[in-house]
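> coords below, sequence missing:
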């Protein structure tokens, strides 16, 4: 995306990224629910999904801080 030379290219790349994220999001939710259903544990879905999303956000935060730190070291 950062290499887009014009607006239509940027629009296309953002659209493809958004569609990919939609597929990813739906797939992981379905996998979690179906796995719990096999074990007759569907009642744990909301709790486990919340934990999964929380861990993902923590990972994004750590990656953001860590990448800034690494950038400052390598380009300092």
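On my side now, so go ahead. Everything quoted here is computed from the prediction, not taken from an experiment.

> and residue 60, what does it touch?
Not one residue lies near residue 60 by Cβ atoms under 8 Å, 6 or more residues apart in numbering. Just so you know, the C-beta spots here come from the backbone N, C-alpha and C atoms, and that holds for glycine as well.

> Please identify the helix or strand for it.
helix 45-74 (DSSP states H and E).

> Report the buried residues of the helix or strand hosting residue 9.
Element membership of residue 9, judged by DSSP H and E, is helix 7-38. If you call a residue buried by 16 or more other Cβ atoms under 10 Å, then helix 7-38 has these buried ones: residue 36.

> tilt between that helix and helix 45-74?
Here the directions of helix 7-38 and helix 45-74 differ by 140 degrees (axes from the mean of the first three to the mean of the last three Cα atoms, to 10 degrees).

> Show me what helix 7-38 packs onto, helices and strands only.
helix 45-74 (3 or more Cβ pairs under 8 Å, 6 or more residues apart in numbering; DSSP states H and E).

> Now find how far off-centre the helix it packs on is within its chain.
10 Å (Cα atoms, centre = their mean, to the nearest Å).

> Quickly note the distance from the closest residue to residue 52 other than its chain neighbours to residue 50.
Closest residue to residue 52 apart from its sequence neighbours, by Cβ to Cβ, 6 or more residues apart in numbering: residue 32 at 6.9 Å. Distance of residue 32 to residue 50, given as Cβ to Cβ, to the nearest Å: 11 Å.

> And for residue 15?
29 Å.

> swap in residue 30?
In terms of Cβ to Cβ, residue 30 sits 17 Å off from residue 50.

> Equivalent analysis for residue 59, please.
Distance from residue 59 to residue 50, by Cβ to Cβ: 15 Å.

> How about the secondary structure of residue 40?
coil (DSSP: H, G, I helix; E, B strand; the rest coil).

> Now it. Its backbone dihedrals?
phi 60, psi 40 (degrees, to the nearest 10).

> pLDDT wise, what is it at?
pLDDT, residue 40: 97.
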